[in-house]
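A.B. asks: okay, predicted coordinates and the sequence, questions at the end:
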Amino acid sequence: MAIFEMRTYTIKVGLLHEYLAFYHSEASAIHCRHLGPSVGWFHTEVGPLNQIMMIWRYESHADREERRTALYSDPEWLDFIPKTARFIEKMENRIVRPAFFSPLQ
């Protein structure tokens with residue numbers, strides 16, 4: 001059964017849309033080259049503000065480990081990471097499994 005990685009980044013006040021544009025232009029292609037297409041990207045409008053959520057699908061923990069190892073072996077990705085420091089205030093990560101009746105398997 002697949003697993004899903006749910007990442008939540010709290011972005012510094014006033015920089016949310018700038019971060020999304022920055023990520024899209026500089027890192028999206030690198031990310032997807034190694035992790036495959038995301039399940040989705042979201043940002044909050046109600047509740048805790050300035051948060052971005054992204055969801056990635058993996059076949060297993062081993063699949064996730066393999067893909068993320070490849071990502072962190074990519075010099076382009078390693079060049080991108082330090083550039084995010086001015087945007088990100090907090091990072092959270094969860095690994096979840098879909099319920100047996102979930103349409104996302």
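C.D. replies: Yes, it's here.
A.B. asks: what are the boundaries of the helices in this structure?
C.D. replies: 16-26, 28-35, 61-71, 75-80 (DSSP state H).
A.B. asks: just the C-alpha atoms of the shortest one, please, in PDB.
C.D. replies: Once side chains and other backbone atoms are set aside, the C-alpha atoms of helix 75-80 remain, and they are given as PDB (Å, rounded to 0.1, in the frame of the first residue of the first chain):
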ATOM      1  CA  PRO A  75      23.900  19.300  -7.100                       C
ATOM      2  CA  GLU A  76      21.100  21.500  -8.400                       C
ATOM      3  CA  TRP A  77      18.900  20.600  -5.400                       C
ATOM      4  CA  LEU A  78      21.800  21.200  -3.000                       C
ATOM      5  CA  ASP A  79      22.300  24.600  -4.500                       C
ATOM      6  CA  PHE A  80      18.600  25.400  -4.100                       C
END
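A.B. asks: what's across from the residue nearest the centre of the chain in the sheet?
C.D. replies: For the chain, the residue nearest the mean C-alpha position is Met54 (4.4 Å; Cα atoms, centre = their mean). Counting by DSSP bridges, Met54 is bridged to Arg7, Trp41.
A.B. asks: kindly state the pLDDT recorded for it?
C.D. replies: If you check Met54, the pLDDT there is 97.
A.B. asks: list the contacts for it?
C.D. replies: Met54 makes contact with Met6, Arg7, Tyr9, Ser38, Gly40, Trp41, Phe42, according to Cβ atoms under 8 Å, 6 or more residues apart in numbering. C-beta coordinates here come from the backbone N, C-alpha and C atoms, glycine included.
A.B. asks: one more time with 10 Å, if that's ok
C.D. replies: Contacts of Met54 were listed using Cβ atoms under 10 Å, 6 or more residues apart in numbering, and they are 5-9, 23, 31, 35, 38-43.
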